[in-house]
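Participant: no FASTA, just this:
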């Protein structure tokens with residue numbers, strides 16, 4: 001069983017990724033999605049659930065004891081079977097509850113399930129940073145565009161997470177290939193998910209196995225990523241990877257990152273009829 005923290009530095013889309021993974025997680029593995037976003041949760045409202053049970057009711061129960069198995073009594077279930085610990089809509093309530101649950105966050109690995117934590121946007125002093133530090137792996141969400149990648153590089157440089165595997169999931173199109181982003185950031189690009197708002201909206205009302213969603217680009221990409229993450233101990237591990245044979249990657253300096261990506265972007269834009277790796281013209285990226 002593993003604990004994966006899902007977060008972003010600048011981009012949004014973390015909850016969509018979390019929901020997509022939870023609904024496509026391998027059938028032979030129990031999965032829990034915990035919405036620990038200090039800015040407040042959106043899943044309960046989107047799924048038409050009552051505000052409780054959830055993070056707030058768990059925090060009240062945890063005052064009397066911190067056994068991680070308490071979580072199961074405060075979850076609601078997606079149609080496909082995944083359990084969800086939904087966060088409150090109010091940021092004030094979310095921050096108060098997460099403050100109480102700080103100790104329990106470090107014990108999520110004791111739960112008999114794979115745990116996906118929606119940490120939202122990482123900010124200085126964020127209460128979800130405890131979940132990041134205690135996770136087996138961290139999946140960072142970003143758009144493959146220079147402002148987002150530069151912000152991500154800056155955050156990882158300023159906030160080193162020792163002993164935790166880091167991986168990146170890119171969302172949407174951009175002028176950089178997965179290899180270029182991985183080389184510039186010094187971490188593995190785990191997947192590139194398409195920008196598919198229709199499928200993202202449909203996931204809150206139907207299981208990923210529903211006929212209209214089975215072939216949706218977002219669901220297909222999420223299912224592939226979920227299968228990989230579910231089979232591995234952490235997001236950045238690789239089958240047959242020999243750590244002793246390969247030197248540890250270091251994050252490039254901020255100036256180096258900018259030079260690498262800006263040079264690539266300028267070259268792509270100068271090519272007649274140039275397109276991004278996913279087929280979208282670079283000038284359309286900011287639209």
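Facilitator: All right, it came through fine. These numbers come from a predicted model, not from an experiment.
Participant: Tell me how far the nearest residue to residue 107 once chain neighbours are set aside lies from residue 74.
Facilitator: Closest residue to residue 107 apart from its sequence neighbours, by C-beta to C-beta, 6 or more residues apart in numbering: residue 68 at 4.8 Å. C-beta coordinates here come from the backbone N, C-alpha and C atoms, glycine included. Distance, residue 68 to residue 74, using C-beta to C-beta, to the nearest Å: 12 Å.
Participant: Compare those two (neighbour count), which wins?
Facilitator: Between residue 68 and residue 74, residue 74 has the larger neighbour count (other C-beta atoms under 10 Å), namely 20 against 17.
Participant: and residue 14, what does it touch?
Facilitator: Neighbour list for residue 14: 6-8, 37, 118-121, 141 [criterion: C-beta atoms under 8 Å, 6 or more residues apart in numbering].
Participant: Repeat the analysis, applying 10 Å as the threshold.
Facilitator: 5-8, 35, 37, 117-122, 139-141, 169, 171 (C-beta atoms under 10 Å, 6 or more residues apart in numbering).
Participant: And for residue 1?
Facilitator: Listed by C-beta under 10 Å, 6+ apart, the contact partners of residue 1 are 29-32, 108-115, 136, 233.
Participant: quick one: it from residue 137, how far?
Facilitator: According to C-beta to C-beta, residue 1 stands 12 Å off from residue 137.
Participant: returning to that earlier point: OK, contacts around the residue nearest to residue 107?
Facilitator: 62, 104-112, 115.
Participant: those helices in the stretch 101-250 of the chain, which residues are they?
Facilitator: With helices called from DSSP state H, counting those that start in this stretch, the stretch 101-250 of the chain shows them at 102-105, 129-134, 146-158, 178-185, 197-202, 211-214, 217-231.
Participant: Quick check: buried residues in the fourth one?
Facilitator: Of the residues in helix 178-185, those scored as buried under the neighbour-count criterion (16 or more other C-beta atoms under 10 Å) are 178, 180-185.
Participant: what's the closest of those residues to residue 156?
Facilitator: residue 185 (7.3 Å; C-beta to C-beta).
Participant: got a pLDDT number for that closest one?
Facilitator: At residue 185, the pLDDT value in this model is 88.
Participant: Residue 81 too?
Facilitator: 84.
Participant: now residue 249
Facilitator: Residue 249 is assigned 38 on the pLDDT scale.
Participant: again with the one 5 residues further on
Facilitator: Predicted confidence (pLDDT) at residue 254: the value is 40.
Participant: Residue 121 too?
Facilitator: In the predicted model, residue 121 carries a pLDDT score of 90.
Participant: for residue 9, same thing?
Facilitator: 91.
Participant: Just confirm it contacts residue 157, I think it does.
Facilitator: No: Residue 9 lies out of contact with residue 157 (C-beta atoms under 10 Å); the separation is 11.2 Å.
Participant: For those two, work out which one has more neighbours and name it.
Facilitator: Neighbour count, other C-beta under 10 Å: between residue 9 and residue 157, residue 9 has more, with 20 against 16.
Participant: could you list every residue that touches the more buried one?
Facilitator: 121-123, 140-142, 148-156, 159 are the contacts of residue 9 under C-beta under 10 Å, 6+ apart.
Participant: and with 7 Å instead?
Facilitator: Counting by C-beta atoms under 7 Å, 6 or more residues apart in numbering, residue 9 touches 122, 140, 151-152, 155.
Participant: Ok, residue 155 next?
Facilitator: For residue 155, the contacting residues are 9, 122, by C-beta under 7 Å, 6+ apart.
Participant: any idea how far residue 15 is from the residue nearest to residue 20 when sequence neighbours are not counted?
Facilitator: When the adjacent residues along the chain are set aside, residue 20 lies closest to residue 222, with 3.6 Å between them (C-beta to C-beta, 6+ apart). From residue 222 across to residue 15, the span is 13 Å (C-beta to C-beta).
Participant: swap in residue 231?
Facilitator: 24 Å.
Participant: now do residue 38
Facilitator: Residue 38 sits 13 Å away from residue 15 when distances are taken as C-beta to C-beta.
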